[in-house]
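A.B. asks: Just the structure for this:
(one chain, ligands or ions: 1)
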Amino acid sequence: MTTKILRLDTSVFSEQGSSSRLNQAVTEKLEHLYGEVEVRHRDLAREPLPHFSADVITALNTSAEERTEEQTRLKALADELIDELFAADILVVAAPMYNFGIPSTLKAWIDYVARAGVTFRYTAEGPEGLVKGKTLYLVTTRGGIHKDQETDNEIPFLQTYFRFLGITDIRTIYAEGLAMAQKDEQFAAALASVDQLVAA
Ligand SMILES: Cc1cc2nc3c(=O)[nH]c(=O)nc-3n(C[C@H](O)[C@H](O)[C@H](O)COP(=O)(O)O)c2cc1C
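C.D. replies: This is a model prediction of the structure:
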């Protein structure tokens, strides 16, 4: 059976970015592990999504006959992103830290993909994520050291978001101190952690 991977690179440096290189290492390891894989690879820096706006919400809430050309395009894009998410068995998502948060390109993807009634819903017992049975590899790269500290607004936020969608198997790879003297050792340690974390 083919294992489907959705890979999101979000570094402004595209494939040169440290998070993209770690994403590549995770993907290669998964290919090795599963043999038959199909990768949907989005480089959100090279091909950014349009900023999420009221136009998108209007497009979703307007009937097909009444949508403008632009609304039809936005609706198709929003549906495509959600289809890719549901189709994937495994997600590989890069989250380099930019100004204490995630890249704005990743935030745009997040805003498109959370859709009430489709990827989550509210029940009498509270919210329920509808994107189930998937594994998420989260790769984060930072110039400084933030893991488990107040300054880490990325990983807690991303964990909250993906759990809200129903994704609970989350494996995080940290490469920190990449602007510091020991950056080569730190990057090598992150690469080594890929080998340990990527397992069936
Ligand atoms: C615009 C920008 C903002 C950054 N902000 C932070 C920050 O707030 N904290 C930090 O530790 N590193 C920060 N860095 C350093 C990056 O997190 C680090 O260089 C990381 O390796 C970038 O990953 P990438 O190569 O995949 O883009 C910043 C880098 C850039 C380019």
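
A.B. asks: what does this structure put close to the ligand?
C.D. replies: 11-13, 17-20, 96-100, 141-144, 178-179 (C-beta under 6 Å from any ligand atom). Backbone N, C-alpha and C define where each C-beta goes, glycine included.

A.B. asks: Which of those residues are buried? Put it as a PyMOL command.
C.D. replies: Only the buried entries of those go into this PyMOL selection, using 16 or more other C-beta atoms under 10 Å:
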select buried, resi 11+17+18+19+20+96+97+98+141+142+178
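
A.B. asks: Show me how far the longest helix anywhere in the chain is from its chain's centre.
C.D. replies: If you go by DSSP state H, the chain has its longest helix at helix 69-87. Put simply, helix 69-87 sits 16 Å off its chain's centre (C-alpha atoms, centre = their mean, to the nearest Å).

A.B. asks: which neighbours does the next helix or strand after it have in its sheet, and in what orientation?
C.D. replies: Under the assignment DSSP states H and E, the closest C-terminal helix or strand after helix 69-87 is strand 90-94. Applying DSSP bridges, strand 90-94 is found paired with strand 3-9 (parallel), strand 135-141 (parallel).

A.B. asks: about what we covered before: just the ones in helices from the residues of the chain next to the ligand, please.
C.D. replies: Ser18, Ser19, Ser20.

A.B. asks: Let me have the strands paired with strand 90-94 in CSV, adding distance to Gln71 and mean pLDDT as columns.
C.D. replies: Formatted as CSV, the strands paired with strand 90-94 follow (distance: least, C-beta to C-beta, whole Å; pLDDT from 0 to 100):
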stretch, distance to Gln71, mean pLDDT
strand 3-9, 25, 98
strand 135-141, 31, 98
